[in-house]
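next comes the sequence, and after it the predicted model I'd like to discuss.
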Amino acid sequence: MTQAMPDRTKDGRARWEGVREVMGMSWPIVLGSLSYTIMEFADRIMVAQLGTESIAAVGSAGVWAFLLSTLFLGIVGCVNTFVAQSLGRGNAETAGSYTWQGLYIGLGAGAATLLLWPMADGLFHSMGHSPAVTALETGYFRVRLLGYVPMAWSSALVAFFTAIGRPKVTMYIALVANGCNILLNYFLIFGHAGFPRLGVNGAALATIISQWLHAALLLALFLRPAMDAAYNTRRSYPFHARRARDLLRIGLPSGLTFLMDVATWGVFVSFIVGRFGDAPLAANNIAVSFMSVSFMPAVAVNQAITAIVGRWVGRGDIPTAKARTYTALRICIAYMVCMGLVFAVSGGVLIRLIFSSDPVVINLGHRLLILAAVFQAFDATNIVCMGALRGAGDTRWMMWITFFAAYVFFLPLAGVIALLFNGGAYGAWIGATIYIFLLSGVLFARFRGERWRHINIFSAP
């Protein structure tokens, strides 16, 4: 007769307690993260029907439109850290105030829009893409700039609802916004039902309208009387200089980390892979589209573990914060390995069915997805550890390690393999694979070493 597995671990905790906490927080965020990733994926599926030049342009311009918003998104995303640690300390009344500071900082994204608009021509002409692709990139990028404020507001409000343990709120609103985006794509890209045929600019406009809807619905729920009673969401609207400084002190390194990370991939796509022509660029963008969808559960775990670690650190319980992170790692790695197998086995078929009939694009896209399958588990480690370190407030260290790893190691390595050794787009992705392997080891060692346990994110009142 076999012995049943004990219900509790040696320290007396329920064996599956960590799994329930991580999954209970993560699965609604999986659907909630549709608000950006699926908008991009839907855009690319529909735009792909316009031809190779259009899908190449949307992929590259979409990366840069997102890239230049990441500084604000990274800053206001740290609302999650402050609200979670406030709740862990028993200070629920400050949760609304930190969220309002995030909303005020998000208004700065509007000023960034005015500065970036005249830069579009120079930016995309410098990439060396074909004239047709460059013209499409410029138009798409400029329309997408109009979504910077709602993106920042949505990021702050999603962070709030995640930190208070209400991720289902963001899930339902994301589904509504994505439904709106897909419907508007159908009308505005192809000119159905009397709408003008706007092509790639129609895809950008559909995304902007959906982003404003997403932010407005989240704000309406944030201001409900029940939320105000629990977290001062109405009464704490005044600007609070000390809390804004706290958010900037922790959030600015996080925003710069986010900016550098996405900029790394923007440079990689536009200035390295894009040098090899429209077909390799389209294959790269298609592979990234599949990876973006597969990453959604991992990104959801990243957001969830930020809130979970923040709560336990706020309570002073470091062992539980680490245990929850290791549970999240196991879940995320198992999922990402399964997705990697799908990429390796069926990548070519999926590209042909969804995106392109061009044999060059299909062949290279499938080879890139096989490389993605190789690094999936390591990327899962990067995603979870970054979320855990952000929950602990260890954002400054992440900023410096991201800069060194990306600009001193990754981009030079990818450029050398792709350009000097004639590896092409595939060689550039080999460099990316090596980078992801090494970064995962560095991030895991930092989290396990516990130097973050002494960080205090709150300044003295």
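The structure has been received and is ready for your questions.

so after the strand or helix carrying Met260, what's the next helix or strand?
Secondary structure assigned from DSSP states H and E places Met260 in helix 241-267. The first helix or strand that comes after helix 241-267 along the chain, using DSSP H and E, is helix 278-314.

so which helix or strand takes in Thr233?
Going by DSSP H and E, Thr233 is not part of any helix or strand.

what about it, neighbour count?
By other CB atoms under 10 Å, 24 other residues sit near Thr233. Bear in mind the C-beta positions are built from the backbone N, C-alpha and C, glycine included.

give the contact list for it.
Taking CB atoms under 8 Å, 6 or more residues apart in numbering as the criterion, Thr233 is in contact with 95-96, 99, 222-224, 227.

with Tyr98 instead?
Contact analysis of Tyr98 by CB under 8 Å, 6+ apart lists 79, 82-83, 86, 243, 246-247.

looking at the strand or helix carrying Glu21 now, give me its mean pLDDT.
Using DSSP H and E, Glu21 sits within helix 17-32. Taken as a whole, helix 17-32 has an average pLDDT of 73.

look up how far Leu247 lies from the one residue sitting closest to the centre of the chain.
Geometric centre of the chain, nearest residue: Val299, 6.5 Å, by CA atoms, centre = their mean. Relative to Leu247, Val299 is positioned 22 Å away (CB to CB, to the nearest Å).

kindly report the same for Met227.
For Met227, the distance to Leu247 - CB to CB - is 19 Å.

which one of the two has more residues nearby?
Leu247 (26 against 21).

what ranges does the stretch 351-461 of the chain have for its helices?
Under the criterion DSSP state H, counting those that start in this stretch, helices of the stretch 351-461 of the chain are mapped to 359-392, 395-403, 411-415, 424-449.

buried ones in the last one?
Right, helix 424-449. Going by neighbour count (16 or more other CB atoms under 10 Å), the buried part of helix 424-449 is 424-432, 434-437, 439-440, 443-444, 446-447.

that one - what's its average pLDDT?
94.

can you name every helix or strand that it contacts?
On a contact count with 3 or more CB pairs under 8 Å, 6 or more residues apart in numbering; DSSP states H and E, helix 424-449 meets helix 278-314, helix 318-354, helix 359-392, helix 395-403, helix 411-415.

can we see that at 7 Å?
helix 278-314, helix 359-392, helix 411-415 (3 or more CB pairs under 7 Å, 6 or more residues apart in numbering; DSSP states H and E).

you'd agree Leu221 is up against Val169?
Yes: contact criterion CB atoms under 7 Å: Leu221 and Val169 qualify, at 5.9 Å.

how near is the nearest residue to Val158 once chain neighbours are set aside to Leu221?
Leaving aside its chain neighbours, Val158 sits nearest to Thr170 (4.8 Å; criterion: CB to CB, 6 or more residues apart in numbering). Thr170 sits at a distance of 9 Å from Leu221 (criterion: CB to CB).

and if you look at Ile370?
From Ile370 to Leu221 the distance is 43 Å (CB to CB).

which element, helix or strand, includes the residue nearest to Ala163 when sequence neighbours are not counted?
Nearest non-adjacent residue to Ala163, counting by CB to CB, 6+ apart: Val83, 3.6 Å away. If you go by DSSP H and E, Val83 is part of helix 79-88.

who wins on neighbours among the contacts of Thr233?
Thr99 (31 neighbours).

wait, Arg197 sits on Phe190?
Yes: applying CB under 7 Å as the test, Arg197 and Phe190 come out as touching, 6.1 Å apart.

looking at the two, which is more packed in?
Between Arg197 and Phe190, Phe190 has the larger neighbour count (other CB under 10 Å), namely 16 against 12.

got the confidence number for the more buried one?
At Phe190, pLDDT is 90.

any figure for the gap between it and Val360?
Distance of Phe190 to Val360, computed by CB to CB: 26 Å.

tell me how many other residues surround the closest residue to Gly314 other than its chain neighbours.
Spatial nearest neighbour of Gly314, excluding adjacent residues (CB to CB, 6+ apart): Gly88 at 2.1 Å. Neighbourhood size, Gly88 [other CB under 10 Å]: 20.

residue contacts, Gly88?
310-315 (CB atoms under 7 Å, 6 or more residues apart in numbering).

how about 6 Å then?
311, 314-315 (CB atoms under 6 Å, 6 or more residues apart in numbering).

can you pull out the low-pLDDT segments for this protein?
Along the chain, the model assigns pLDDT under 70 to residues 1-17, 27, 30-42, 460-461.

same thing but 50
For the chain, the stretches flagged by pLDDT under 50 are 1-12, 15.

from Met291, how far off is the closest residue to Gly348 other than its chain neighbours?
Leaving out its chain neighbours, the residue that sits closest to Gly348 by CB to CB, 6+ apart is His366, at 3.8 Å. As for His366, its distance to Met291 is 13 Å (criterion: CB to CB).
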